[in-house]
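J.: coords please:
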Amino acid sequence: MKVEYTHVVMLFTALITCALWLNRFISTLRKKCPDLPIDISYLVSTDSKLSELYDSYIESQKSAASKEVEFKKREENIKETQKKLEVKEKALSEQESKVLTERTELNEQAKSGFVFELPYKKNIPLSESLLESLPTYFEHVINFLNSTGAQFELISNQIESGEAMPQEVVINTGLSIIARTIRGDLIQDSSARVMFRAYNGTCFEAIAVDSRSRNEENVSKIPQSKESMITQAGKYKRSLVKSINPEFDLCINKSSERWSDYITFPFEQYIEGDIPLLTMNISVKNPDKNLTNYLKFLSMIRFELVIDEFLEVVDEAGDLKSYLQQFKVKEVA
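T.: All right, here's what the predicted structure looks like:
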C-alpha cells in the first residue's frame, strides 16, 4: 500500500500533539500528586525521528519566546524615544511661539515711538530701519532654533545609543553646533565669527569657534579685568554690544579693530561673582548697519536665554558645569 507524504506529516503532527498533551496532563497531575512516579520521556525516546521532531519543536518554541521578549524591549525603546521627541518638539514649539509673540508686541510698541533700554544704561529708539528688519530677524531666529534642535537630536541619539564620547568631545561638539548654526542660520554672514570662551583662572580662552579659519589658536585670550566687556557682561548679567558700550572694549592686540561690531553674552547660571565662566561672542566685519541693528536686537530680546536652553542639553549630556570648574583651574595648575 502506498502511503502519501502528507499522511506521514499528519501522523507525526498527531504524535507530537499527543505527546505534548500528555506532557501537560502529567505536569498538572504531578502538581496535584508530587510523589506520583510518572515519566513521559519514554514516549519519545523509543523513536529517534519522533524525538528529533519533538526536540526541534521545543527549541523553536524557546526561540520564538526569546524573540518576543526582544521585540517587546525594542518596542518599549521606540515608545520612550517617541516620548522624548514629543517633549522636545513641544519645547521648540513653545520657543517659536514666544518669539512670534515678542515680534507682535514690538510691532505694536513701535507705532507709538517705542524706546528700549540696553545695558549699560543706553536708550535705543526703535528706528524705522530696525522695524523693517524685524520680520527677517525673527525668521532667522526660528531657522536657528529648528536647525540647532535637529542637530542636537542627532547627537542625543548617538549618546543614548551607548556610543562612548569623552566629556570634552561632547561639550565641544554641542558648543560648536550652536556656534555654527548661529553663523549660518542666524547671522548669515560668512565673514562673521561666533565663539565660546571659558575662564581658565586668569583669562578668557576660546574653546569653540566657528569662522572662516575655525581655529581657537587664532583667537586672542582676554585677560580678566574689571573693565573688560566680558567682566562687565557678567556684572550686569546681560549681553553687551561694542557699538553701544565702546568704553568696555579693551582692543587686545588691536584685534577688535578687525571687527566693526560684536556682542558678548554671559549665562547667569555660569557666573561666579562678576566673572562669567562661559561667554559667547558674535563678531561681524561687515559695517552694514543692518548687522549692527541685528546685534542690538539680539541684546534687546535677551538671546542668551535662548542659548541657555541648549546649554542645559550640553550640561545634561557632558556635565558642562564640572567641565568649566576644571577649566577654571587649568592655567593656575
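J.: Any regions of the stretch 201-333 of the chain where pLDDT drops low?
T.: 213-217, 251-257, 330-333 (pLDDT under 70).
J.: Could you rerun that using 50?
T.: Applying pLDDT under 50 to the stretch 201-333 of the chain flags residues 253, 333.
J.: how about the helices of the stretch 201-333 of the chain, start to end?
T.: Ranges of helices within the stretch 201-333 of the chain are 229-236, 289-300, 304-318, 320-328, based on DSSP state H, counting those that start in this stretch.
J.: tell me the angle the last one makes with helix 304-318.
T.: Think helix 320-328. Interaxial angle of helix 320-328 relative to helix 304-318 (axes from the mean of the first three to the mean of the last three Cα atoms, to 10 degrees): 90 degrees.
J.: For helix 320-328, give me every contacting residue.
T.: With contact meaning Cβ atoms under 8 Å, 6 or more residues apart in numbering, helix 320-328 is reached by 167-168, 171, 198-201, 207, 270, 277-278, 311, 314-315. In short, each C-beta sits where N, CA and C put it, glycine included.
J.: Now do the buried residues in it.
T.: Going by neighbour count (16 or more other Cβ atoms under 10 Å), the buried part of helix 320-328 is 320, 323-324, 327-328.
J.: just the third one next, same as before
T.: Residues of helix 304-318 classed as buried by neighbour count (16+ other Cβ under 10 Å): 304, 306-307, 310-311, 313-315, 317-318.
J.: What of the second one?
T.: By 16+ other Cβ under 10 Å, the buried positions in helix 289-300 come out as 291-300.
J.: Tell me the helices and strands packed up against it.
T.: strand 115-118, helix 128-160, strand 240-241, strand 261-266, strand 278-284 (3 or more Cβ pairs under 8 Å, 6 or more residues apart in numbering; DSSP states H and E).
J.: ok, the last one: who's next to it in the sheet?
T.: Read it as strand 278-284. When pairing is defined by DSSP bridges, strand 278-284 lines up against strand 193-199 (antiparallel), strand 261-266 (antiparallel).
J.: Touching the longest one from outside, list them.
T.: Read that as strand 193-199. 175, 178-180, 182-183, 187, 204-212, 216, 219, 222, 224, 230, 259, 275-283, 324, 327-328.
J.: then that strand to CSV, C-alphas only?
T.: Extracted C-alpha coordinates of strand 193-199, given in CSV (Å, rounded to 0.1, in the frame of the first residue of the first chain):
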residue,chain,number,x,y,z
ARG,A,193,32.9,84.8,13.8
VAL,A,194,31.0,83.0,16.6
MET,A,195,32.8,81.5,19.6
PHE,A,196,32.5,80.4,23.2
ARG,A,197,35.2,81.4,25.8
ALA,A,198,35.8,79.7,29.1
TYR,A,199,37.6,81.3,32.1
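J.: picking up where we left off before, got a PyMOL select line for the buried ones in the contacts of strand 193-199?
T.: To isolate in PyMOL the members of the contacts of strand 193-199 that are buried, counting by 16+ other Cβ under 10 Å, one can use:
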select buried, resi 175+178+179+180+182+183+187+204+205+206+207+208+209+210+211+219+222+224+230+259+275+276+277+278+279+280+281+282+283+324+327+328
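J.: Much appreciated, bye for now.
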